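**Q** I need the structure of the sequence given here:
(3 chains)
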Amino acid sequence: MSEMYGKGILKGLGVTLKRFWDTYWEDAIWLFRQVTRGERRYRSPEGIAHRASKNARGIFTVQYPEEKLPVPEEFRFVPFLVYEEGPNGEKVMRCTSCGICSRVCPPQCIWIVRTTDPETGRPIPDPAEFYIDVDICMNCGLCAEFCPFDAIKMDHDYELASFGRSVYDKEKLAKPASYYESIRPRNAARENAARAAKEAARFAASAKPES
Amino acid sequence: MDTNELTAPGYDIPPELQGQVAITTLDRIYNWGRRASVWPMMFGLACCAIEMICTAASRFDLARFGMEIMRPSPRQSDLMIVSGTVTKKMVPIIVRLYNQMPEPKYVLAMGACASGGGPFKEGYNVVSGIDKFIPVDVYVPGCPPTPQALLNGLMKIQEKISGEHWRHSRWYQKGRDQAEIPIPILGPDLIDPRKVEEYSRRLAESEA
Amino acid sequence: MAVPAPVETLDLAARFPGWVTADTRPGYSGWIVAKDKLLDFARTLRDELGYDYLSSVTGVDYLPEGKMEVVYHAYKTTGGPGIVFKVQTARQDPVEVPSLVSIYPGAEFQEREAWDLLGIKFTGHPDLRRILMWEDFAGHPLRKDWREPYFEEEFKPFKSRWPEGKFQMAEEKARLGDNLTFPAGFDPKQKAEFDPEKALYEALRAYQKAETGLETEHLLVNIGPHHPSTHGVFRVAVILDGETIVNLKPVMGYLHRNHEKIGERNTFLMNMPYTDRLDYLTSMSNNFGYALAVEKLMGITPPERAEYIRVMMAELTRISNHVWAIGFLLNDLGAYFTPMLYAQEERELILDIFEAVSGSRMMCNYFRFGGVARDLPEGVLEKIRDLAFERLPRKVDELEDLLAENEIVRSRGIGQGVLTAEDAIRYSASGPLLRASGIPYDVRRAEPYSIYDRLEFEVACRPNGDIYDRMMIRFDEIRQSLRIIQQTVKQIPAGPIMAVKPAYQVRVPPGEAYGRVEGPKGELGFYIISTGKSSPWRYHVRAPSFINLTAFGPMCVGQKIADLVAILGSIDIVLGECDR
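**A** Predicted structure coming up:
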């Protein structure tokens, strides 16, 4: 080779040295920020946000479990069922057991038993049983995407490790609408507005013939 | 070192010695040492392996748990992270690797596929969960579990280690360490030598 | 800027009267060639008509018609549209079709796959063994009358899930209580001897005998499937003379998850999340290819904004894949973890964008037929802009500073594992592997899809075809991808993101379609046959990782064993796609 031997290695070492130096330079910057603005580098939302931004430099690690990387609104883990809390604390499932989620599910991991009225034999819009085999579920989110009643949604809780295989039943899957609104505020607001508009339209349509 | 973590309840330390002396049990100190030095096997199967690598890499840094030394050799590893779909063609190798791991050994089934077959469960070449062949300690759901979900699972392993009693551990029991899992055979389909009798019986039943 | 060649009106039926006929089934195209004349036809096609690149070979089982068909897609490396030709044969065993390996060596693994999964025997194939399943496996699973042990119904959705969806494990329903099936008359209690490696070792030794005339003691080494440098569960059986590689056979299928069989039970939309798991590093790009193929059949085009989002995501995927590939190549070369950790930071930042847009870091499931699943959430476009204009150009330069001039990388990379331009075409190599050998062939330019014809970028190309060039071309491609992203960020229009109303059941008219994209690993193609039902009749993936491995053997022979992992690393395979 015609070039000076070792030059490339030195250049590479320069990069690593710069990275090493960056860590302490960042420390100094954050010390300044802490003194002037009270912002901390570790275990603080601003510190984590900085490490996930284009300006991240030096230390890049997010120290789970003390620090948790915030998940974006669209983040999807296993599905859950949304219920409304009634005035007396009863759970009113949004699910009408229409079965669209179980039909759209790619690995077919949703099992639904529809409730039927024992007298008339007609279906009642409330699932008698609802199972999701979490160890088949592929977290694709298609069930949530195509549910017409906003009843099945994708969760943000990923800390689900357990000592056994997981099959979630209706009890385990049900979570209140307030929880859903807390994890996906924008989506929930949009859906609530759309539902309210639909309701209003239906009310208007049913009111018309009478007047 | 945090002495509080080691101090066993039930022993009162005089006030003048607090912070200087720790009274502990053998179990606690033994498990504390093991818990903080679990060496996972560098063993990736599928998609989940990528998240496992991410867990070990820059952002999530497995070294904080004393697990950064990923050993490619089963002889040096304590934890097998079954990260991905277990296929029939692969399962003899996984069982062999498990047999080669020295006690104490732990198995973490990472993701839906390793836990129960996952989205590919219906496939003809897919094993419905690695727990059909080797004992699994912790299951981490998700497809794939995010690195933080895996870390959560690894903390569960640590939790399990903390709860163990050295006198009851299976690797100190006589004769137990010899029990190797028979290696499945790749015949016309995957044959588990332990279940041959059951297969014959079921075949006979279904023909009858 | 390469201009795509004008569409030629080839009338092959007139040129080969009697034994080539046009495929006139509704929705189909191409030519049906008489079985006994296939070799003559292919030779003419390659030598006289210039279709030198055989992209995809696959079989189709037409059970109702009692026919088997082999479908070939050939292209010109100078660009332009391709040609489809088919061979039909009766479905009675043995189903035999002449092998094209002597004309297009790139067909070797694909023909083996068709034999393994469909039971089509390719006469004249030099090494026709099973490739994905093991040798003793009973049956050919992709045949339409072959049913897996957990078989429930022909097509999804299964009726047992709703409205009487009593939860039941699949094991409880299966005949043997597990995912197992045995051929009639087989008794598992009988201690039969099975040796899955016998055929492989015989194939390796056969070469040796032919070469030397005697069976000398060469060393046989198995690398993998559990090996840190095989990038997953990949295995290579190598015959060594000292430290020099004499012969080599890749062994695959350790991650064969029956993608195609499951895909033929799924509805069209259900396949979208499954494509994420093909090449799990580049799910956006897989979505792209599949969406293109189905959209071709449906005859819809996504709205402008969706096209821009698609291209943006596909190019971000390319960057995240290439930094990963470079990092791992260096890992294989012995620069243990430092370049990888540096590269990972950039990948993590890109994954943050995917997570915000699609909801998942790796399994994006973001494309829909006629658009994308949802619009870019607030703030994401700014994040992409920050990365594409500020951070990534700087960081790519930094990574290049770290590696490009390093003497160890150069001495281990330059002149090692050379794949010549002619060989690259013959072995149907694609993607960076082909372009590093001096062939500027890129589907984005050769047969532009989406909005690539409007974007300015150059097809990265390097002349030498060695490990070093294959590493450097990834830097070049990252820079070109950044250029594309910068343009799309500037030009992205407002507007709808779906051309049609989102629906979980799409109507796909009968016919065939082959959609291909330039994935980060190479040409990713989806061959889909629809019969008008809710599920595809045939769903085949032309996986670049799989086909690029055809050239792996020839590249390694004559090299030292230590270079094998470096050569494999420079091809950049992902087993999820390779084995499917």
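
**Q** So stretch C:230-239, near chain B or not?
**A** Yes: with C-beta under 8 Å from any C-beta of the partner chain as the criterion, chain B is reached by stretch C:230-239 at C:232, C:233. C-beta coordinates here come from the backbone N, C-alpha and C atoms, glycine included.

**Q** Next, the distance between the ends of that stretch.
**A** 17 Å (C-alpha to C-alpha, to the nearest Å).

**Q** same question, stretch C:146-164
**A** Stretch C:146-164 has an end-to-end distance of 28 Å (criterion: C-alpha to C-alpha).

**Q** ok now that stretch, how far from the chain's centre?
**A** Distance, stretch centre to chain centre, for stretch C:146-164: 28 Å (C-alpha atoms, centre = their mean, to the nearest Å).

**Q** Show me what counts as buried in it.
**A** C:146, C:148, C:149, C:150, C:152, C:156, C:157, C:158, C:160, C:161, C:162, C:163 (16 or more other C-beta atoms under 10 Å in any protein chain shown).

**Q** so which of these comes closest to residue A:138?
**A** For the buried residues of stretch C:146-164, the closest approach to residue A:138 (C-beta to C-beta) belongs to residue C:156, at 13.4 Å.

**Q** Distance of the closest one relative to residue B:190?
**A** 25 Å (C-beta to C-beta, to the nearest Å).

**Q** Also residue C:308?
**A** Distance from residue C:308 to residue B:190, counting by C-beta to C-beta: 47 Å.

**Q** Could you tell me the single residue of chain B that sits nearest to chain A?
**A** Nearest residue of chain B to chain A (C-beta to the nearest C-beta) works out as residue B:116 at 2.9 Å.

**Q** ranges for the helices of chain B?
**A** B:3-6, B:26-35, B:47-56, B:91-100, B:111-116, B:147-162, B:196-207 (DSSP state H).

**Q** Include distance to residue A:200 and mean pLDDT when you put those helices into TSV, please.
**A** As requested, the helices of chain B are arranged in TSV below (distance: least, C-beta to C-beta, whole Å; pLDDT from 0 to 100):
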stretch	distance to residue A:200	mean pLDDT
helix B:3-6	59	60
helix B:26-35	59	86
helix B:47-56	45	90
helix B:91-100	58	91
helix B:111-116	42	90
helix B:147-162	41	91
helix B:196-207	59	85
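
**Q** Columns mean neighbour count on top of these, output as JSON lines?
**A** Converted to JSON lines, these look like this (neighbours: other C-beta atoms under 10 Å in any protein chain shown):
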{"stretch": "helix B:3-6", "mean neighbour count": "12"}
{"stretch": "helix B:26-35", "mean neighbour count": "16"}
{"stretch": "helix B:47-56", "mean neighbour count": "25"}
{"stretch": "helix B:91-100", "mean neighbour count": "19"}
{"stretch": "helix B:111-116", "mean neighbour count": "31"}
{"stretch": "helix B:147-162", "mean neighbour count": "21"}
{"stretch": "helix B:196-207", "mean neighbour count": "14"}
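
**Q** What distance do you get for residue C:313 to chain B?
**A** Per C-beta to the nearest C-beta, to the nearest Å, residue C:313 is found 18 Å from chain B.

**Q** Enumerate every residue touching residue 129.
**A** By default, I'm working from chain A. A:111, A:112, A:113, A:169, A:170, C:165, C:166, C:167 (C-beta atoms under 8 Å, 6 or more residues apart in numbering or on different chains).

**Q** ah, no, chain C please
**A** Contacts of residue C:129 were listed using C-beta under 8 Å, 6+ apart, and they are C:112, C:135, C:199, C:200, C:203.

**Q** now the residues you listed: which count as buried?
**A** C:112, C:200, C:203.

**Q** As JSON lines, those with distance to residue A:201 would be great.
**A** Output for these, formatted as JSON lines (distance: C-beta to C-beta, whole Å):
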{"residue": "C:112", "distance to residue A:201": "60"}
{"residue": "C:200", "distance to residue A:201": "68"}
{"residue": "C:203", "distance to residue A:201": "70"}
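
**Q** ok, and the closest non-adjacent residue to the residue of chain B closest to chain A?
**A** Nearest non-adjacent residue to residue B:116, counting by C-beta to C-beta, 6 or more residues apart in numbering or on different chains: residue A:135, 2.9 Å away.

**Q** Return the set of buried residues in the lengthiest strand in chain A.
**A** Using DSSP state E, we find that the single longest strand of chain A is strand A:123-133. Neighbour counts over strand A:123-133 (16+ other C-beta under 10 Å) mark A:127, A:129, A:130, A:131, A:132, A:133 as buried.

**Q** Just give the strands next to that strand in its sheet, each with its orientation.
**A** Sheet pairing of strand A:123-133 (DSSP bridges) gives strand A:110-116 (antiparallel), strand A:167-168 (antiparallel).

**Q** For chain B, what's its nearest residue on chain A.
**A** Taking C-beta to the nearest C-beta, chain A has residue A:135 as its residue nearest chain B, at 2.9 Å.

**Q** What is the burial count for that residue?
**A** By the criterion of other C-beta atoms under 10 Å in any protein chain shown, residue A:135 has 26 neighbours.

**Q** before we move on, what about the one 3 residues further on?
**A** Residue crowding around residue A:138 was assessed by other C-beta under 10 Å; the count is 26.

**Q** Roughly how far does it sit from residue A:98?
**A** Taking C-beta to C-beta, one finds residue A:138 at 22 Å from residue A:98.

**Q** Can you convert the strands paired with strand A:123-133 into CSV and add a column each for mean neighbour count?
**A** Formatted as CSV, the strands paired with strand A:123-133 follow (neighbours: other C-beta under 10 Å):
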stretch, mean neighbour count
strand A:110-116, 20
strand A:167-168, 19
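
**Q** what's the closest non-adjacent residue to the residue nearest to the spatial centre of chain A?
**A** With distances taken as C-alpha atoms, centre = their mean, residue A:156 lies nearest the centre of chain A, 3.1 Å away. Nearest non-adjacent residue to residue A:156, counting by C-beta to C-beta, 6+ apart: residue A:183, 4.6 Å away.

**Q** Could you report the pLDDT at the one you found?
**A** Predicted confidence (pLDDT) for residue A:183: 91.

**Q** any chance of the helices of chain B in JSON lines, with distance to residue A:15 too?
**A** Compiled in JSON lines, the helices of chain B are given as follows (distance: least, C-beta to C-beta, whole Å):
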{"stretch": "helix B:3-6", "distance to residue A:15": "39"}
{"stretch": "helix B:26-35", "distance to residue A:15": "36"}
{"stretch": "helix B:47-56", "distance to residue A:15": "22"}
{"stretch": "helix B:91-100", "distance to residue A:15": "37"}
{"stretch": "helix B:111-116", "distance to residue A:15": "35"}
{"stretch": "helix B:147-162", "distance to residue A:15": "25"}
{"stretch": "helix B:196-207", "distance to residue A:15": "59"}
